[in-house]
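Student: okay, structure incoming, though there's no sequence with it:
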């Protein structure tokens, strides 16, 4: 086997459970030349704000950043589809020399006139940070002229990591929160935060909460609408999923409006049920809510259990590798995989912090490799060494798995299959099953390690 | 802020182009034992990797020098060197292709100088060859990055060796791995030695591995690129290709290797030109096999001519591909009513006139520097029968309720983008059958009885 050596600077970002003391490093900038799977600040902002469907999303910079993110998320909208367009100021050499403000102003005005959005987000890319365009004042001016919020998103790619992009997105949205009327909002109300309606997942989750008797004021940002964001400060509780990306917004809303927040996950039976119970507990003065939550959990699990059992039987003892963007998702994945009888042999994330990795260490079995900010060489090395039958990751991880003859399940923001909630768990199990049990792997030359 | 008054600047909406570092990365993936390195922010390499992966369905490792705020202020030389060192440690490459980004270009990093210093300090050590190309994304499109990288490789490596010239150079431009394989087959059948740059027919379209290959097998070797200065001739595909971007012209000027500039060999006419060029250079006749392929192709043209005659097509994509497709479409009787591109060479119309008969009188609309919203607006007025181009036209095709025939790059919503054959008689055969059958299927579906014989 070709030896794959780990770069010295990266050794502390890899932990072998049961073989060494836990002293893991994380939250570092990616090492130059390491071929990290991470993206940039702009990517973080773009993915969080993307699903707001009645807003204009204008990327201020050369064409690449806009081209590569055109219609990239599987975030569905029940109405407007403006978020699926790709708008760019498409800066050219002349703009770099003389500045891009005129072009930004002209582009914004024309686009707002043409599409009548309810708000506009202007993403400042690397080059804009360098040439020093005054994006804030152009946005303010257009906002005054057009009478809609026009918000700068300071997402220059080199100014940190994807997490800094999440923060910039939350800051931009916080400007809109609190600008609408809260009249008529029930005291039994929540905001769903960090749920992006990939393949309609927000609709599934919203349905559960409504069946519990709760009003959902706003979803951040799945099937998002500007008007709903404006009045979201009228909710009694913020329920935060994908905490790495949007806890910051919940904190801002807590500080400004005194709204408490809890962290949840919607992946897997265990975490999904816990989310409903935790929310119900918050409204303990209304015991009927807990009662309804219990009914939902019972009914939904009864519905999926027979089919799930079949998959569990087939998948028992198979090994999985998980490498995704946020660490919180990894916890849920491990629980979900265990519930279909699978073991996790490699677990990692692009952006986990020390607490995340501590918790991961507690959850994982001995022999599991935990890795922060990995690259294709490391991922392939541990997949082979640990004999993974399945890899869960995003588009960039898919060919690594396939090339080695390993099943793959997509769990990033581009997927078209809903994986949240109880129906999502069934979809997940079905997809894992349909890949791991496919006969095509028999043709893979390296399948001897299975 | 007063200066902002009365300006008519327009945004690009759904671009029909990509940025230049993507093109350069693709070329560097077509060189043997090579790793591409983008000098700039992490996101550039990740986005480009992601984009290429979903077309080729292959691992695409592209390194980044990972700029931080400090790098942007104090310069990127330390990051670039560190990246090079880490690539060497991890991948053990023979070649590293460095492409700049808008960020490193604008802060003014002198990449050739940084690399030359690095080489001086590391002389005597086993160090890979490092070639750099300037690809600021605010200048040109992915095709400019592609041609720029080919030229940079030739410019820094090719030499006049002391040997008898035997082989032909081929600069194919941005084609599919299937096209590259077909080109190699053609040269082999002619019994003609050739060197093709780039060649990602294996590196981006290979079999499964029993173990992870740090760098996939295949690609043009450094030795072959060196030998390009001693070829009998060069053939370069691309009518739009500007003089200053042409690797073939560079070899002609520097080493007196005659350069034959041809269009992309799509359709009978342009493929004939290609085969004639090889015949002329080698003094060998066209192999029987291709005479047969050509004959069967024309036979099918005749069999299917009624179905495609005066069908109206919207053609879009890279300029050279648009010219090649328009040439092919007009030779089978289809009218390319709209020829559109996100590029802006200024030559598209002029080149189209050379390959499309009665260009002026047919009222063909040519649009340069446009996006898909512009293409959709123009197409609406032209009532096309089908669209032909990459996957990015899907939204437009859906709005127009017309079929989209997928060719070129990227193909993100179908299997087999890397396996589409565009060139040669065989490629024309596949295109002709696909177009004819698309039209026949439309008519069949529209018929009240859904007939079973044509």
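Tutor: Everything's here; your move. Quick caveat, the model's predicted, so the values are computed rather than measured.
Student: buried stuff in stretch A:164-171?
Tutor: A:164, A:165, A:166, A:167, A:168, A:169, A:170, A:171 (16 or more other CB atoms under 10 Å in any protein chain shown). In this view, the C-beta of every residue, glycine as well, is placed from N, C-alpha and C.
Student: closest to residue A:370 out of those?
Tutor: Distance ranking of these against residue A:370, using CB to CB, places residue A:166 first at 22.5 Å.
Student: what's the helix or strand for that closest one?
Tutor: Taking DSSP states H and E as the definition, residue A:166 sits inside helix A:162-174.
Student: could you do residue A:360 as well?
Tutor: Under the criterion of DSSP H and E, residue A:360 resides in helix A:354-363.
Student: now that helix: buried residues?
Tutor: Burial within helix A:354-363, assessed by neighbour count using 16+ other CB under 10 Å, is assigned to A:356, A:357, A:360, A:361, A:363.
Student: for the chain, longest helix please?
Tutor: If you meant another chain, say so; for now it's chain A. Secondary structure of chain A read by DSSP state H shows that its longest helix is helix A:287-315.
Student: other chain: chain B
Tutor: When chain B is scanned for its longest helix (criterion: DSSP H), the result is helix B:424-446.
Student: now name the helix or strand holding residue B:166.
Tutor: No secondary structure element spans residue B:166, as it lies outside all helices and strands (assigned by DSSP H and E).
Student: mind listing what the residue lying closest to it once chain neighbours are set aside touches?
Tutor: Residue nearest to residue B:166 in three dimensions, not counting chain neighbours: residue B:193, with 5.2 Å by CB to CB, 6 or more residues apart in numbering or on different chains. Contact analysis of residue B:193 by CB atoms under 8 Å, 6 or more residues apart in numbering or on different chains lists B:166, B:167, B:168, B:187.
Student: repeat that for residue A:171.
Tutor: Residues A:248, A:252 are the ones in contact with residue A:171 under the rule CB under 8 Å, 6+ apart.
Student: can you give me the strands in chain B?
Tutor: Using DSSP state E, the strands found in chain B span residues B:12-13, B:34-39, B:63-64, B:95-100, B:129-133, B:168-171, B:194-196, B:233-237, B:259-262, B:312-316, B:335-340, B:365-367, B:386-389, B:404-406.
Student: neighbouring strands of the fourth one in the sheet, and parallel or not?
Tutor: Same thing as strand B:95-100. Under the criterion DSSP bridges, strand B:95-100 sits next to strand B:34-39 (parallel), strand B:129-133 (parallel) in its sheet.
Student: now the last one
Tutor: Its sheet considered, strand B:404-406 pairs with strand B:386-389 (parallel) by DSSP bridges.
Student: pLDDT (mean, whole number) over the partner strand?
Tutor: Taken as a whole, strand B:386-389 carries a mean pLDDT of 98.
Student: how about stretch A:258-277?
Tutor: 97.
Student: how far does it sit from its chain's centre?
Tutor: Taking CA atoms, centre = their mean, to the nearest Å, one finds stretch A:258-277 lying 15 Å from the centre of the chain it belongs to.
Student: in that stretch, what's buried?
Tutor: Residues of stretch A:258-277 classed as buried by neighbour count (16+ other CB under 10 Å): A:259, A:261, A:263-269, A:271-276.
Student: for stretch B:244-264, same thing?
Tutor: B:245-252, B:255, B:257, B:259-264.
Student: from those residues, which land in helices?
Tutor: Assignment to helices by DSSP H places the following of those there: B:247, B:248, B:249, B:250, B:251, B:252, B:255.
Student: hmm, the fourth one is touching residue B:155, no?
Tutor: Yes. Counting by CB atoms under 8 Å, residue B:250 sits close enough to residue B:155 to count as a contact (6.1 Å).
Student: just give the closest residue to the residue nearest to the spatial centre of chain B, not the sequence neighbours.
Tutor: When chain B is reduced to its mean C-alpha position, the closest residue under CA atoms, centre = their mean turns out to be residue B:174, at 1.5 Å. In space, and not counting its chain neighbours, residue B:174 is closest to residue B:146: 5.0 Å by CB to CB, 6+ apart.
Student: OK, contacts around the one you found?
Tutor: Listed by CB under 8 Å, 6+ apart, the contact partners of residue B:146 are B:23, B:24, B:26, B:27, B:173, B:174.
Student: what do you get for residue A:96?
Tutor: Counting by CB under 8 Å, 6+ apart, residue A:96 makes contact with A:127, A:131, B:102, B:106, B:136, B:138.
Student: beyond the helix or strand harbouring it, next helix or strand please.
Tutor: With elements delineated by DSSP H and E, residue A:96 resides in helix A:93-98, which encompasses its position. Where DSSP H and E defines the elements, the next helix or strand beyond helix A:93-98 is helix A:101-115.
Student: I'd like to know which elements that next one is packed against.
Tutor: Based on contacts counted as 3 or more CB pairs under 8 Å, 6 or more residues apart in numbering or on different chains; DSSP states H and E, the elements that helix A:101-115 packs against are strand A:55-60, strand A:119-124, helix A:135-146.
Student: which other residues reach the helix or strand just after the second one?
Tutor: What it means is strand A:119-124. Downstream of strand A:119-124, the next assigned helix or strand under DSSP H and E is helix A:126-131. The set of residues external to helix A:126-131 that reach it, using CB under 8 Å, 6+ apart, is A:42, A:60-62, A:91, A:96, A:99-100, A:135, A:154, A:156-159, B:40-41, B:67, B:72, B:101-103, B:106-107, B:138.
Student: now with 7 Å?
Tutor: For helix A:126-131, contacts defined as CB atoms under 7 Å, 6 or more residues apart in numbering or on different chains pick out A:60-62, A:91, A:96, A:99-100, A:135, A:156-159, B:41, B:72, B:102-103, B:106-107, B:138.
Student: sounds good, over and out.
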